[in-house]
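Q: Just to be clear, the model below is a prediction. Sequence and coordinates:
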Amino acid sequence: MQVKTPWLRPLVHLVLIAGSLVCLFPLLWMISTSLKPITETMTLPPRWIPSVWQWVNYPRAVMYQSDKLGYIPFLVYAQNTLYLAVLGVTGCVLSNAVVAYGFSRIRWRGRETLFAITLATMMIPFPVTMVPMYVLYRHLHWIGTFKPLWVGAWCGGAFNIFLLRQFFMTIPQELSEAARVDGCSEWRIFWRIILPLAKPALAVVALFHFMYVWNDFLGPLIYLQDQRQFTLALGLQAYQSQHGGTEWNMLMAAATIMVLPIIVLFFFAQKTFIQGISVTGLKG
Amino acid sequence: MTRGERHNLKLGLCFVAPWLIGLALFQIYPIAASFWFSLCDYSVLQPAHFIGLGNYHDLAGDDVFWLALRNTLGYAAIALPLGLVTALATAILLNSGVRGMAFYRTFFFLPSLVPAVASAILWLWLLNGEYGVLNVLLGKAGVKGPGWLSDPLWTKPALVLMSLWGVGNTMVIFLAGLQDVPQQLYEAADLDGAGWLGKLRHVTLPMVSPVILFNLIMGIIGSLQMFAVPYIMLPGGQPARSGYFYTEYLYDNALPYLQMGYASAMAWILFLITLACTFAALRLSQRHVHYEGA
């Protein structure tokens, strides 16, 4: 809906600029704090811009060692998170693509019923499955290992199946039929014809699963026990002293390191992000 | 069944096989087991022991349970309407044909990219009692800032403020919805002499109402599951348990206290509330929400 009144346009810009500043300020403050010497984090009124840009805070945050908190193996956390992300994203993309193919490109009896059940599982909240899954993993002796955090991704999930199925259905059936006439096996049709065409949708699934793994806090909190297995989301807390005297510049440097990859990813894959969110929002 | 049909059935099942395992193992088993545990006294260390509706009965008399539920719903009752209005208003402004829309959209969206844990840590710093920059800014404006994280009255507003900061996600969803509104409708309204407000009320709002509803449902379900942010920012829900949320109490019962049956009963109540919200919203939508072509 266009704003037509000419004098209103500057007003709209004014509101949008003010809003943008509110959105950006906390992030800028995080970066500013992360570059300050510790004394400057505790001055009133605060220094907006550090007097010296103390880049050394970053390597120090990564190899953090303090009397109170001990050694925080940040690089190990990053490595653990990446390990889970790679396993999870690979499994999530492959399994959901295969399953969505079965739900869209092959006609079989019972397909629609099973699909309806699949959609219904989207209503089950994570806290409901949390206790039984913990019990099951305990029996399997998987508590304290990474397995509970990635194995599930290899079995597909309702929302991604739905998303990919919608995409696969827009691909003309004639493509598959021509390939079948040429004696192509179903697996080859899937792998050689449909998957390459579905790259944009697969990118959405991959991206959002990556974000999920990167952000997940409750999962690692439940299943991981040893500090050397922690992910970034779980480990970030370690910098925070429960008894005051937190080194905020270190904590902000660590937080910046956690946020930065996501923001870089966003600038490289902006279209995928916006598409993904729009699809998520409009499925209802 | 003909041979071709049988062949296709086999083929189809082969392709969906991973999900058949997933459905059984990660959906049907846990939901059934959760229901069974909710009727049992179960500490994992000893076998489950059936006690009927005992857990539910205990919950009904558990003050902490009611407090956590009240905190959660109270928070949602403020955060959701404010968030929806902010997101929609911003989206409408962005969609008004101003220049630089892509830039503004990026700025508004950035905060929602920040992982929940990182944003909890960041806001702990912004709202810090001694050196928090927000109260410094308020002080410059002549307002004495409250003890955001130390005064029980202000913990929920603090979380609401934080959630408003991360509203960019919802805004992008609204923006996509607004861009789908057919231009002819506005042209027709122009011909009828409708002003900006008239078009907002009679064209824009009815056309995006399904998106509003969708976001509302997701918001309610999301608040019931809110965990990381209050867990990190207000450990144990302190001060005075004003920041103790439903899923935190569920988690505390399950893991630290090993009361799996009690936690499962809480999980089932959460599940039923989720279902009820979804159905209520769908029912309401039949009356008030406009679906194009319906």
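A: Ah, there it is.

Q: Tell me the first helix or strand C-terminal of the lengthiest helix in chain B.
A: Secondary structure of chain B per DSSP state H: the longest helix is helix B:63-94. Downstream of helix B:63-94, the first helix or strand assigned by DSSP states H and E is helix B:101-113.

Q: Run through the chain and note the low-pLDDT ranges.
A: With no chain named, the answer covers chain A. Along chain A, segments meeting pLDDT under 70 span A:4, A:241-244, A:279-284.

Q: was after chain B, sorry
A: B:287-294.

Q: which of the residues in the longest helix of chain B are buried?
A: B:65, B:67-69, B:71-72, B:75-76, B:79-80, B:83-84, B:86-88, B:90-94 (16 or more other CB atoms under 10 Å in any protein chain shown). Bear in mind the C-beta positions are built from the backbone N, C-alpha and C, glycine included.

Q: check whether stretch B:248-262 contacts chain A.
A: Yes: counting by CB under 8 Å from any CB of the partner chain, chain A is contacted by stretch B:248-262 at B:250-251, B:254-255, B:260.

Q: Same check on stretch B:108-124?
A: Yes: Stretch B:108-124 lies within reach of chain A by CB under 8 Å from any CB, at B:108-111, B:113-118, B:121-124.

Q: any chance of the residues you listed in a markdown table, plus neighbour count and distance to residue B:279?
A: Formatted as a markdown table, the residues of stretch B:108-124 next to chain A follow (neighbours: other CB atoms under 10 Å in any protein chain shown; distance: CB to CB, whole Å):
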| residue | neighbour count | distance to residue B:279 |
| --- | --- | --- |
| B:108 | 27 | 32 |
| B:109 | 22 | 32 |
| B:110 | 20 | 35 |
| B:111 | 22 | 32 |
| B:113 | 20 | 33 |
| B:114 | 24 | 33 |
| B:115 | 21 | 32 |
| B:116 | 20 | 28 |
| B:117 | 25 | 33 |
| B:118 | 25 | 35 |
| B:121 | 25 | 37 |
| B:122 | 24 | 37 |
| B:123 | 24 | 34 |
| B:124 | 20 | 38 |
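
Q: List the residues that contact residue B:151.
A: Shown in contact with residue B:151 (CB atoms under 8 Å, 6 or more residues apart in numbering or on different chains): residue B:239.

Q: can you list contacts of the helix or strand harbouring residue B:57?
A: Per DSSP H and E, residue B:57 falls inside helix B:54-60. The contact list for helix B:54-60, computed with CB under 8 Å, 6+ apart, reads B:38-41, B:65, B:261-262, B:264-266, B:269.

Q: Report the buried residues of it.
A: By 16+ other CB under 10 Å, the buried positions in helix B:54-60 come out as B:54-55, B:59.

Q: now do stretch A:9-29
A: In stretch A:9-29, counting by 16+ other CB under 10 Å, buried: A:12, A:16, A:19-20, A:23, A:25-27, A:29.

Q: Next: stretch A:63-76.
A: A:64, A:69, A:72-74.

Q: mind listing which of the buried residues of stretch A:9-29 are in helices?
A: Among the buried residues of stretch A:9-29, DSSP H puts A:12, A:16, A:19-20, A:23, A:25-27, A:29 in helices.

Q: and those as a markdown table, adding distance to chain B?
A: Output for these, formatted as a markdown table (distance: CB to the nearest CB, whole Å):
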| residue | distance to chain B |
| --- | --- |
| A:12 | 5 |
| A:16 | 5 |
| A:19 | 6 |
| A:20 | 4 |
| A:23 | 5 |
| A:25 | 9 |
| A:26 | 6 |
| A:27 | 7 |
| A:29 | 6 |
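
Q: Okay, whichever residue of the stretch 101-250 of chain B sits closest to chain A and residue B:109: tell me how far apart.
A: Distances between the stretch 101-250 of chain B and chain A by CB to the nearest CB are smallest at residue B:173, namely 3.0 Å. Between residue B:173 and residue B:109 the computed distance is 11 Å (CB to CB, to the nearest Å).

Q: now residue A:135
A: Computed as CB to CB, the residue A:135 to residue B:109 distance reads 39 Å.

Q: How much space separates residue A:190 from residue A:109?
A: 20 Å.

Q: ok, now residue B:15?
A: Separation of residue B:15 from residue A:109 (CB to CB): 14 Å.

Q: Looking at those two now, which is surrounded by more residues?
A: residue B:15 (22 against 12; other CB atoms under 10 Å in any protein chain shown).

Q: Name the helix or strand for the more buried one, please.
A: Counting by DSSP H and E, residue B:15 is part of helix B:3-22.

Q: For that helix, name the packing helices and strands.
A: helix A:74-104, helix A:111-120 (3 or more CB pairs under 8 Å, 6 or more residues apart in numbering or on different chains; DSSP states H and E).

Q: looking at those helices, which is closest to residue B:25?
A: Nearest to residue B:25 among the helices and strands packed on helix B:3-22 is helix A:74-104 (12.8 Å), distances taken as CB to CB.

Q: Would you mind getting the angle between the closest one and helix B:3-22?
A: 150 degrees (axes from the mean of the first three to the mean of the last three CA atoms, to 10 degrees).

Q: Cool, thanks, talk later.
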